[in-house]
Every structure is written in C-alpha cells, then in structure tokens.
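Engineer: take a look and give me a structure for this.
(2 chains)
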Amino acid sequence: MHIRTVFNPRLQATLQVGGCGNCHVSCQSACKTSITVSNQTCEKEDKQDNILRPGK
Amino acid sequence: MATLKSLLPAIDWRRDLHLFSFNDLKLALDVNSGALHVLDEPAWEVLSLLAAKKGNVPHAFTELLPKWGGITLGQVWRELKARQEEGSLFTSPLDFSSYNPPAPLLQALCLHVAHDCNLRCRYCFADGGPFGGQRGLMPLEVGRAALDFLMRASGPRRTVEVDFFGGEPLLNFSVVASLLDYGQEKAREAGKKIRFTLTTNGVGLTSEIEEFLNTHGVSVILSLDGRPEVNDANRFFPDGEGSYSYVMPKLQSFVQNYPQLDYWIRGTYTRQNLDFARDVLHLVSLGFKNISLEPVIAGPEQPYSLRREDLPRIREEYQYLAGEFLRFYREGRPFKFFHFILDPEGGPCLIKRLSGCGAGTSYLAVTPDGQLFPCHQFVGQREFCLGDVYSGIKRPDLQEQFRLAHIGCKEGCRCCWARYYCSGGCHAAAFAAHRELLRPDEVACAIQQIRTEAALYIQAKIRLKI
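Structural biologist: So this is what the prediction gives:
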C-alpha cells in the first residue's frame, strides 16, 4: 500500500449539523495569545438546537 | 463524478491539498475534508510532481516512469482514485467569500479584575499590569454588573465562561471569590452552565486560595516560562529579582496537592530561547503534565520579538519537540502540549472554524471600570472600546467589523491550507502587525502552520503505530 489514510473526518459535512455554541471560546483557556481553534473539543449535546446559524 | 484525470488540472494545489514532510513522514492533508494520509516515496513523488505540473497526469507519469515503473505507478494511481471516490482526496472547496457569520451572541468574558501586577515581565502586553492606563482593581459592583451583562447578552446559550485575568487577579482575590459565588447563582437562575478559569503568575497563591479554587472547580492557567534562567530573563519582580525560585515551588505543590485540578502551565517563548523545547521538557521533568508554550507577541522593535529569519529554527524546534512528545508517549509518560492537541473526529464544527476566536462577538474583555473591549489584547486601545457592562454594546459598527473578519474575507486565509485549524489567527496580532483586522501577521501564521503540521504528524504516528 502506498497511501495509508490516518483519518477522514468529512469536515465539510459539519457545516450542516454544527453551531450549537457550547464549545469553549478558544482564547479562554491556555492560549491568550496565539489561537488554535482545531484543538477545541466539540461539546454538542444530543438533539440540541443549533443557535448559531449563518445569515443569508 | 468527474474522472480523476479530468479533475486534477482543476485542483488548486496550494489551497486544497497540503503535501508536507515532517521528521520521518511524508503526508498529504486534504484540506476541505480534513482527511490525512501518509505517503510512501512513490506516492509522495507522484503527488509532488502532479502539484508542480498543475495536475497534468501524462507529463507527471512520463517523467516518473523510468524511476518507479508502470506497475508501481499503476498502484499509486488506483489508490489515488479510490481516495477520490471515497471523498478523502481532491475534495472540492466551499466558497466562503460571501459567508455571513451568525449574529453576535456573547459567550465568554475576560474579567480584568486587577490592572496591577506583582511582576514586571519584560514582554507583558499589559504593560506590567495597567495596560497603559492607571493601576487599579475591579470593584465588586462592576464585576457583578459584568456577570449580569453576560447572562443577558448570552441569550439562549447553555454554557457561558468567565476568565479572571489581569494584571494579576490574585491581587483582588476577595472580589474573585465573591464573583465565583455570584456567577454560579446567576447561572443557576438563568438555567446555564458557567465555567471559570483564572490566569495567575502564582506569586499570590496560598493554601487557602488553592483550596478555594479547587472547591469551586476553577480551571487555572499558571504562568511560568520554563528553565530558571529563561524564566528569570523576562519574569521578575519590580526590584528586578527573578521569579522562578519563588513561584515554582508554589506551582508544584498546587498541582501535586490537587491531582484532579484542571490546569495548564502556560509560558511564553521569545527569540532569546528558540530552544524552547528544552523549557517544555524542563516542565515535564518537574512533574507537570499540561503544558502550553506560546510565541511572544511583540513589535519588531523589541529585541526578543520573533522574526521571519527565526522560522527555520522554530520549525526545527517543533520537530524536535514532536519527537520528544512521542518518545514520552511511548515510554508511558505522556504529557499534553496545548498546540499539539488535535481531535479530528471530535473537533469543532466548520461554523466554529470559519470565525475563529470570537473576539468582539462571543468573547469580550472587561476593564476594572467596566468598559468592554473585543478581547484582552485590545484593552487600553481606546478606539476599540465597544461599550460598557451597564449599557452594553455602543459600537455595533465596530462589532460588525469583528463579525465579518472570518477566513472567507481574509486574502491570506482563503488560499491557506491551515485555514480550518487556526481559523484566521489572532485579530490583535493582525492589528499589531498591519493596523488592520483582515491581514494576519505572517510570522504568527508561519508558526501556526508548523504547529499544525506537528499535530498532524503526531496523530499519524500514534494512530498508525508507525
């Protein structure tokens, strides 16, 4: 095998199901200067509405 | 679905596929899906040459045929095709240039309970505590008004956050203690969950304060830079004496006495300690398990600021740190390094990743007299005052600038492979570098890209056990 897949999270699909607004604000933890967002954890609860919806 | 051969010339190879070599691995990140692949030498050369030839398959394969032969190249081609069909390679980008982010909805406050400090750190963006203004402490009444504002302005959010910040917040601990109780009471009434963090240099820690913070479930960020000589070169008392020998025993006993404590040791590195991995390992050797070391934010006129010419050395250092991180992991002595954390399947959704830190919209800083700023780093810059905790946002025009500062609007981010990891970078760093929100600081971007490559590399090594 020449190509080994490590993971395939299908990031684009999360645009439709994300936006619950529960997860940490990224600069509120150990950072305060140089943000990384991708190290945050999704905290969406089951059947929770998405309160953060993009505008039209 | 388009055939792979017809699709490849249309790929934006810089924006949508990131090929990189890190330590002993060659990797390919499909930016739009987030899929990560480890490549062997033939696959690496095929993709690299396809990128160089803008997807021209006949040209690339003709050039590689003498070296790898038809059988190997055929195998690589079939594997590329399979990845394309399953949606983990060559996925199409979404166009976010006209993206309209959600309306502002407050989630977190950074409460500057003390614009004063008992240290005078050389690189402090708070100017040693007062942020360029007067030294002072936040009265309890202002703190309460801030928490009332947070409950009102967070609307339907279930979770809100408060960070006690400064200056040094322990200089005003009685107010912190009262606000912890008040915040929990107000959150309960509003049906919300409230989380507290406290960022401290540790000078004022006592056993009573440690017990109180632990009992109230406060997460703590403990500031210290690493090795004694590195720490003391920048973190000292007003009389110039280094702080390491005073602070380190306090931090060690705090962490040891409360094994369940949610904490980070958070340091800063500058161009004066580009061997900063040694500082991380020093902290590990003293028993700390959760470590964050951040690049200094400073203007180019400062001798300790990080510069473009430092980037190759910084890359070497992150590569070394990633190797050591894995060595400790394999030896059963794992530690966390904040910027190496990556949870591809359980990470933030794309809505979060498009707008980044939330400064000015979901995150605000509050000064001791109750003024609101987009974040802690804008405090003291009068033109960024958004309003106050009593009357709320008075500058919706300014808030709108922050709402619209997303990665689809930033020229440098639209075509950057790391855009879904840093989400456009730090607004304050961008403004400090270029006096505008939409143009990120290039050195900060380069460091972010290196750290992201390191995090992806670590994931590959651990998950594939290689």
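Engineer: what is the burial count for A:C23?
Structural biologist: 19 (other C-beta atoms under 10 Å in any protein chain shown). C-beta coordinates here come from the backbone N, C-alpha and C atoms, glycine included.
Engineer: and the residue lying closest to it once chain neighbours are set aside, which of the three is it?
Structural biologist: Leaving aside its chain neighbours, A:C23 sits nearest to A:E43 (4.8 Å; criterion: C-beta to C-beta, 6 or more residues apart in numbering or on different chains). Look at A:E43: counting by DSSP: H, G, I helix; E, B strand; the rest coil, its state is coil.
Engineer: also B:L293?
Structural biologist: For B:L293, the reduced secondary structure class is strand; criterion used: three-state DSSP.
Engineer: other SSEs contacting the longest helix belonging to chain B?
Structural biologist: With secondary structure taken from DSSP state H, chain B has its longest helix at helix B:57-86. Other helices and strands packing on helix B:57-86, by 3 or more C-beta pairs under 8 Å, 6 or more residues apart in numbering or on different chains; DSSP states H and E, are strand A:3-7, helix B:4-7, helix B:41-52.
Engineer: where in the stretch 251-400 of chain B is pLDDT low?
Structural biologist: In the predicted model, the stretch 251-400 of chain B carries no residue with pLDDT under 70.
Engineer: report the closest residue of it relative to chain A.
Structural biologist: Taking C-beta to the nearest C-beta, chain A has its nearest neighbour within the stretch 251-400 of chain B at B:C349, 2.3 Å off.
Engineer: surely that residue meets A:G19?
Structural biologist: Yes - contact criterion C-beta atoms under 8 Å: B:C349 and A:G19 qualify, at 6.4 Å.
Engineer: before we move on, back to that, the longest helix of chain B - what's its average pLDDT?
Structural biologist: Mean pLDDT, helix B:57-86: 97.
Engineer: now do the end-to-end distance for stretch B:160-172.
Structural biologist: Distance across stretch B:160-172, first residue to last, is 22 Å (C-alpha to C-alpha, to the nearest Å).
Engineer: is B:L17 in contact with B:L29, as I believe?
Structural biologist: Yes - B:L17 sits in contact with B:L29 when judged by C-beta under 8 Å, with a separation of 7.2 Å.
Engineer: got the residues of the stretch 1-150 of chain B near chain A?
Structural biologist: By C-beta under 8 Å from any C-beta of the partner chain, the residues of the stretch 1-150 of chain B that approach chain A are B:28, B:32-40, B:42-43, B:72, B:75-76, B:79-80, B:83, B:86-88, B:91, B:94, B:99-103, B:105, B:107-108, B:110, B:125.
Engineer: buried among those? Need that as a selection in PyMOL.
Structural biologist: Selecting only the buried entries of these in PyMOL, with 16 or more other C-beta atoms under 10 Å in any protein chain shown as the criterion:
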select buried, chain B and resi 28+32+33+34+35+36+37+38+39+42+43+72+75+76+79+80+83+87+88+91+99+101+102+105+107+108+110+125
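Engineer: quick revisit: next up, the contacts around the residue nearest to A:C23.
Structural biologist: Shown in contact with A:E43 (C-beta atoms under 8 Å, 6 or more residues apart in numbering or on different chains): A:20, A:22-24, B:159.
Engineer: equivalent analysis for B:C110, please.
Structural biologist: Applying C-beta under 8 Å, 6+ apart, one finds that B:C110 lies in contact with A:27-28, B:163, B:165, B:363-366, B:375-376.
Engineer: specify the beta-bridge partners of it.
Structural biologist: According to DSSP bridges, B:D163, B:A365 are recorded as the beta-bridge partners of B:C110.
Engineer: restricted to buried residues, select the contacts of A:E43 in ChimeraX.
Structural biologist: With 16+ other C-beta under 10 Å as the burial test, the buried ones among these are selected in ChimeraX as follows:
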select /A:20,22,23,24 /B:159
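Engineer: quick check: the two most widely separated of the contacts of A:E43?
Structural biologist: Taking C-beta to C-beta as the measure, the contacts of A:E43 span a maximum distance of 12.5 Å, between A:C20 and A:H24.
Engineer: can you report how many residues lie near B:G191?
Structural biologist: When neighbours are defined as other C-beta under 10 Å, B:G191 has 8 of them.
Engineer: I meant B:F173, not that one.
Structural biologist: B:F173: 22 neighbours (other C-beta under 10 Å).
Engineer: buried set for stretch B:442-451?
Structural biologist: Of the residues in stretch B:442-451, B:443-451 count as buried by neighbour count, 16+ other C-beta under 10 Å.
Engineer: swap in stretch B:311-319?
Structural biologist: Neighbour-count burial for stretch B:311-319, with 16+ other C-beta under 10 Å as criterion, is recorded at B:311, B:314-315, B:317-319.
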